[in-house]
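Colleague: Build the 3D model from these lines:
(2 chains)
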Amino acid sequence: MYSEKVMDHFTNPRNVGDLPDADGIGETGSFKCGDTMKLYIKVKNDRIEDVKFQTFGCGAAIASSSMLTEIVKGRTVDEAAQVSNQDVANELGGLPPMKLHCSNLAADALQNAIADYKSRRQSA
Amino acid sequence: MHSRLVYMDHGATTPVRKEVFDYMAPYFQEHYGNPSSLHAPGREVRQAVEEAREKTASILGANDDEIYFTSGGTESNNIALRGLARRRGKPGHIITSSIEHHAVLDVCRDLEKDGHRVTYLPVDPYGRIDPGSVRDAITDDTFVISIMAANNEIGTLQPVREIGAVAREKGVLFHTDAVQVVGQLPVDVNQMNIDFLSLSAHKLNGPKGIGALYMKKGIKIDALYHGGSQERKLRPGTENVPGIIGLGKAIELAGSEIPDKKRNLEHLRDRLIKGLQGIDEVLLNGHPSERLPGNVNVSFKYIEGESVLLSLDMEGIAASSGSACSSGSLEPSHVLSAIGLDHSTAHGSVRFSLGFGNSEEDIDYVLEKTPPIVERLRSMSPTYNSR
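Modeller: Residues are numbered from 1 along each chain as shown, chains lettered A, B, ... in the order given. Sure thing, here's the model as predicted:
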């Protein structure tokens, strides 16, 4: 059902946890299945220097979260904002059709974290 | 990699026992006659089929001519419910429960399209149906009550005898989907006031693709299929002879072993429940005592069932879940919703269904492997970390 890469990221997820001094936090829940995800980003010189996630969800949701953190780490905020759910699914070697929405969870959490970062910077 | 397989999904299907397989085997190549044929090879097979029918009738306390072989539980349900509706010929009222298997629920929904009205009775937080609510739901045109004998997901046993008594008193026919119960617990169709009963071989260590419908003598329904006189025209088509032979043998074995098997499974079940509840914030779904001997259904709070199943699978443990993510429809199980579980608790449900072959060592193994899995998934969960 799942690719080896999905199973790898599910078994050994990268960047699990939280960042107490995060510059942006994005939370999202899937209307489809009820999974939830929280993404923390630490930004330095407009670049995502560190990223962590917490996910309450299925194997695909956890793997998508983990993969997303790998994709965005080290990228500029603007570059990261371009990352789509399809990019996450592709990097995972594909997801079963029923599980594509799990990659949305990760992409949405990222958009929310970036929006949070930008609004904090504006109000600072 | 894991070194062992612990199969705890007997609610989904069971392995065919060696005695059953050996008993069936000659009916593929040696005894291949068509039971409808007049010649010796045919007559010989006919006799074996009728012996299987006797065994099936015997475990239910029924007569041989009240047993109809079908392809399994789903077909038995369809033949009974649709056959009754078709016989009636005009819209009427059906009473069922909100926690039936889809093999009954979807038939009822389809019958609604034909103009029938269906009452889907609610259940209490343990998943029990109140016989009084059945009585209250009966109207002048109620023609059948269909309530499962035990729920496949949470294992809750229904007060079948009491519901049957209400049906009998009101003159309404009573069908029960008993695929989870036959071979696990004693059943007597007369004492329990049952008019129709569906059973399936692969839930009791028999082969897949074979089951039976019990229909009380004297009841008339219309056939859904046409094409031959097999199974008294109710299920025409050349019989699945090896399957029927296997069903008969599986039932014969199960019937003689019910007391021992029940005691053994209940012991293992209660050990597993107690052990799992040793983990923080684990809820038992279903009734604490009125439940199938082999059924354990728990919700691990703050984590999701499919990710638990994947993790268990990596340790060689086979279980199942009613979470939205493992349902194929992205909806949490209708059963867990009906007993009032909130979405996130339903999301963390896992069913371990024990059966023939499970041992004390299997329970030890599951209780050793599960806590670290739960701990690992919780450490990743935002809801656990912000609780």
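
Colleague: List the buried residues of the helix or strand containing residue B:307.
Modeller: Using DSSP states H and E, residue B:307 sits within helix B:305-314. Neighbour counts over helix B:305-314 (16 or more other C-beta atoms under 10 Å in any protein chain shown) mark B:305-312 as buried. (Each C-beta comes from the backbone N, C-alpha and C, glycine too.)

Colleague: What about chain A: which of those touch it?
Modeller: Applying C-beta under 8 Å from any C-beta of the partner chain, the subset of the buried residues of helix B:305-314 adjacent to chain A comprises B:305-307, B:310.

Colleague: Nearest to residue B:184, out of these: which one, please.
Modeller: residue B:305 (24.0 Å; C-beta to C-beta).

Colleague: Quick one, grab the pLDDT at the closest one.
Modeller: In this model, residue B:305 is scored at 95, pLDDT.

Colleague: you'd agree it is up against residue B:352?
Modeller: No. Between residue B:305 and residue B:352 there is no contact under C-beta atoms under 8 Å: 11.8 Å.

Colleague: Now do the helices in chain A.
Modeller: Listed in chain order, the helices of chain A (DSSP state H) span A:4-11, A:59-72, A:77-81, A:85-91, A:100-123.

Colleague: Compute the mean per-residue pLDDT across the longest one, please.
Modeller: Okay, so that is helix A:100-123. When pLDDT is averaged along helix A:100-123, the result is 94.

Colleague: In TSV, list the helices of chain A along with mean neighbour count.
Modeller: Below are those laid out as TSV (neighbours: other C-beta atoms under 10 Å in any protein chain shown):
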stretch	mean neighbour count
helix A:4-11	18
helix A:59-72	27
helix A:77-81	16
helix A:85-91	19
helix A:100-123	20
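
Colleague: Flag every residue of chain B that's near chain A.
Modeller: Counting by C-beta under 8 Å from any C-beta, chain B comes close to chain A at B:302-307, B:310, B:314, B:323-326, B:328, B:330, B:332, B:343-344, B:347, B:379-385.

Colleague: Can you select the buried ones from those residues in ChimeraX?
Modeller: To isolate the buried members of the residues of chain B next to chain A in ChimeraX, using 16+ other C-beta under 10 Å:
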select /B:302,303,304,305,306,307,310,323,324,325,326,330,332,344,347,380,381,382,383,384
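
Colleague: For residue 98, grab the count of nearby residues.
Modeller: Just going to use chain A. Number of residues near residue A:98 (other C-beta atoms under 10 Å in any protein chain shown) recorded here: 17.

Colleague: You answered for a different chain; I wanted chain B.
Modeller: Residue B:98: 17 neighbours (other C-beta under 10 Å).

Colleague: swap in residue B:37?
Modeller: 13.

Colleague: Can you read off the pLDDT for residue 46?
Modeller: No chain in the question, so chain A it is. The model's pLDDT for residue A:46 equals 95.

Colleague: my bad, chain B
Modeller: The model's pLDDT for residue B:46 equals 98.

Colleague: from what I can see residue B:246 touches residue B:201, true?
Modeller: Yes. The pair residue B:246 and residue B:201 passes the contact test of C-beta under 8 Å, sitting 6.2 Å apart.

Colleague: What is the distance between the helix holding residue B:307 and the centre of its chain?
Modeller: 23 Å (C-alpha atoms, centre = their mean, to the nearest Å).

Colleague: now do stretch B:334-342
Modeller: Using C-alpha atoms, centre = their mean, the offset of stretch B:334-342 from its chain centre is 19 Å.

Colleague: how long is stretch B:232-251 end to end?
Modeller: 22 Å (C-alpha to C-alpha, to the nearest Å).

Colleague: Tell me the buried residues in that stretch?
Modeller: Of all the residues in stretch B:232-251, those buried under the rule 16+ other C-beta under 10 Å are B:234-235, B:239-251.

Colleague: Now tell me what touches the helix or strand harbouring residue B:118 from outside.
Modeller: For residue B:118, the host element (DSSP H and E) is strand B:117-121. Under the contact criterion C-beta atoms under 8 Å, 6 or more residues apart in numbering or on different chains, strand B:117-121 has outside partners B:91-98, B:105, B:108-109, B:111-112, B:129, B:133-134, B:137, B:147.

Colleague: Would you write a ChimeraX line that selects the buried entries of the residues you listed?
Modeller: Restricted to buried positions by 16+ other C-beta under 10 Å, the ChimeraX selection for those reads:
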select /B:92,93,94,95,96,97,98,105,108,111,129,133,134,137,147
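
Colleague: For chain A, which residues are neighbours of chain B?
Modeller: Checking chain A against chain B by C-beta under 8 Å from any C-beta, the hits are A:2, A:7, A:10-11, A:13, A:16, A:18, A:27, A:32-38, A:53-62, A:98, A:101.

Colleague: Now, the residues you listed that are in strands?
Modeller: With DSSP state E as the criterion, strands contain A:27, A:36-38, A:53-56 from among those.

Colleague: Wait, residue B:277 touches residue B:285, no?
Modeller: No. Judged on C-beta under 8 Å, residue B:277 makes no contact with residue B:285 at a distance of 11.9 Å.

Colleague: what is in contact with those two at once?
Modeller: Common contacts of residue B:277 and residue B:285 (C-beta under 8 Å, 6+ apart): residue B:298.

Colleague: ranges for the strands of the stretch 201-350 of chain B?
Modeller: B:211-215, B:282-284, B:295-300, B:317-318, B:349-353 (DSSP state E, counting those that start in this stretch).
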